[in-house]
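Student: my questions concern the predicted model and sequence given below.
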Amino acid sequence: MTGPAGSATLSTHVLDATAGRPAAGVPVRLERRGPDGWSAAGEGQTDADGRLRFGSGPGFGPGVYRITFASGAYFEALGTASFYPEITVTFELTGDGGHYHVPLLLSPFAYSTYRGS
């Protein structure tokens, strides 16, 4: 699904590697870098399947964005100690539109991410 030319859709999926299941209820914040620094571009929580789709409007234009996952809050709610209170993934959307997917594989002491589809 794409919006107007040059705009993109964006989603994330968080998986709890220690539990072997989606990480539901992870608070997530999206920001976009502009000439004066970072500004809010979206926020929410992962659903029961660990997924969150940003925006319901025309989509996101080219630029540098960052997603911050409140991993510490997630593990604290589970009563599990963790090392990373939050994880920030910075990436660039190009002008080609299309869909961008930024998955996060999470555990209390490690994480991994990649550009998904």
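Tutor: Received, thanks. Numbers count the residues shown, from 1 in each chain.
Student: which residues does Arg21 contact?
Tutor: Under the criterion of C-beta atoms under 8 Å, 6 or more residues apart in numbering, the neighbours of Arg21 are 15, 50. Backbone N, C-alpha and C define where each C-beta goes, glycine included.
Student: bridged to it, which residues?
Tutor: Asp16 (DSSP bridges).
Student: residues near Ser112, how many?
Tutor: For Ser112, the neighbour count with other C-beta atoms under 10 Å is 11.
Student: A strand includes it, no?
Tutor: Yes - counting by DSSP: H, G, I helix; E, B strand; the rest coil, Ser112 is found in a strand.
Student: verify the contact between it and Leu105 for me.
Tutor: Yes - judged on C-beta atoms under 8 Å, Ser112 makes contact with Leu105 at a distance of 4.4 Å.
Student: A helix includes Gly25, no?
Tutor: No - counting by three-state DSSP, Gly25 is not part of a helix but coil.
Student: now it. Nearest residue, chain neighbours left out?
Tutor: What sits nearest to Gly25 in space, not counting adjacent residues and going by C-beta to C-beta, 6 or more residues apart in numbering, is Gln45, at 5.4 Å.
Student: residues contacting that neighbour?
Tutor: By C-beta under 8 Å, 6+ apart, the neighbours of Gln45 are 25-28, 52.
Student: where's it relative to Arg115, distance?
Tutor: 22 Å (C-beta to C-beta, to the nearest Å).
Student: likewise Ala19?
Tutor: Between Ala19 and Arg115 the distance is 24 Å, computed by C-beta to C-beta.
Student: before we move on, what about Pro85?
Tutor: Plainly put, Pro85 is 24 Å away from Arg115 if you go by C-beta to C-beta.
Student: same question for Phe91.
Tutor: 7 Å.
Student: what do those two both touch?
Tutor: Common neighbours of Phe91 and Arg115, using C-beta under 8 Å, 6+ apart, are 100, 102.
Student: where do the strands sit along the chain?
Tutor: 8-16, 21-22, 27-34, 37-45, 51-54, 63-69, 87-93, 98-107, 110-113 (DSSP state E).
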